[in-house]
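Participant: sequence? don't have it. structure:
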Ligand SMILES: *Cc1c(COP(=O)(O)O)cnc(C)c1O
């Protein structure tokens, strides 16, 4: 509270894009948030300026050694014309944990939330209102410090940019559908002791090769197995994975290689509130495939800010297909999607009381 960010408004606002063809990350708003860190001074000079290119030294250490962290969250237009954020405190805390891992100084939870709110407020006309659309919020931290030495920087930039984005299911009549998932056995996403629990750039560049292989196999995403034994189910692409077997729901425990999703936590809490049994544990791929084969695996889905809930229709493993629920969307997946999306967009009540922040 009480942050006084200097606001410099653009002299040339851009035309707003067509809300029916937003795509993902194709358009950016008129402004961005910037804040500097200097050793001895801490974070200072939070400000909102016109959106535009950064001038960065080619020796900036982030460009070479990927010392950086980021977050992903969304703002939705609510039926009253206001704007809803969803559990922004969770993103603020997760960024602190990511920063700790990457040796980047922490940003106070309040400061993070106020910066997000201030920027979204300045660009509030950019929050789209068409069904399923939202304003994607990308806070990130990089270092502009010229240094070829491998050590933590002493200068950083905290930046927030905003992008109006389409419904995740834009091409599919905005309906949930079951996606096809490739079980990846060669490449890994993250190892215990590494950076899997942090949102940092390196985790994503190393996964692209597996996603490319999945596409070749006719699948949309990758199911990651653990790095050490290639035996336990971890995540789906850049989303957390859930499996309903014999009426009970399983998701991987937070072993250190799992990204603790805000949607994951929200789904677990909602299901427990509904009386659904949820267990966080390491699930073996062999047990999962056996359950798919004998029909006791009745639903599977992924969770993340981008998709909210994305049902899994089929697992492809060593050239063999394992359909789930006839590749149709399950009842619990649909209920979770409707409830979470309803809360986020303000078309359903915030049954948890303090998850939705309105501005
Ligand atoms: C961001 C992310 C998720 C989902 O987290 P949410 O907070 O729900 O958006 C899951 N897995 C990975 C690897 C991620 O980067």
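Facilitator: Looks like it came in fine. Quantities reported herein were computed from a predicted structural model and do not represent experimental measurements.

Participant: doesn't residue 88 make contact with residue 74?
Facilitator: No - contact criterion C-beta atoms under 8 Å: residue 74 and residue 88 do not qualify, at 10.2 Å. C-beta here means a position set from N, CA and C on the backbone, and glycine is covered the same way.

Participant: Give me the more crowded residue out of these two.
Facilitator: Taking other C-beta atoms under 10 Å, residue 74 and residue 88 do not tie; residue 88 has more neighbours (23 against 19).

Participant: distance of that one from the ligand?
Facilitator: Distance, residue 88 to the ligand, using C-beta to the nearest ligand atom, to the nearest Å: 11 Å.

Participant: thinking that residue is in contact with residue 73, fair?
Facilitator: Yes - proximity of residue 88 to residue 73 meets the contact threshold set by C-beta under 8 Å, at 6.4 Å.

Participant: anything in contact with each of these two?
Facilitator: Common neighbours of residue 88 and residue 73, counting by C-beta atoms under 8 Å, 6 or more residues apart in numbering, are residue 116.

Participant: in the stretch 101-250 of the chain, which ranges drop under the pLDDT threshold?
Facilitator: Across the stretch 101-250 of the chain, the ranges flagged by pLDDT under 70 are 169-175.

Participant: residues in it within reach of the ligand, list them.
Facilitator: Residues of the stretch 101-250 of the chain lying close to the ligand (C-beta under 6 Å from any ligand atom) are 199, 235, 238, 239, 240.

Participant: need the contact list for the fourth one.
Facilitator: In this structure, residue 239 makes contact with 221, 261, 263, 302, 303, 304, 306, 307, 310, judged by C-beta under 8 Å, 6+ apart.

Participant: Please check these and keep the buried ones.
Facilitator: By neighbour count, with 16 or more other C-beta atoms under 10 Å, the contacts of residue 239 hold 221, 261, 263, 302, 303, 304, 306, 307, 310 as buried.

Participant: could you say which helix or strand contains the fourth one?
Facilitator: Following DSSP states H and E, one finds residue 302 within strand 297-304.

Participant: Now the residue in the stretch 101-250 of the chain that the ligand sits nearest to: closest residue in space, sequence neighbours ignored.
Facilitator: The stretch 101-250 of the chain approaches the ligand most closely through residue 238 (4.2 Å), counting by C-beta to the nearest ligand atom. Counting by C-beta to C-beta, 6 or more residues apart in numbering, residue 304 is the residue found nearest to residue 238 once chain neighbours are left out, at 6.3 Å.
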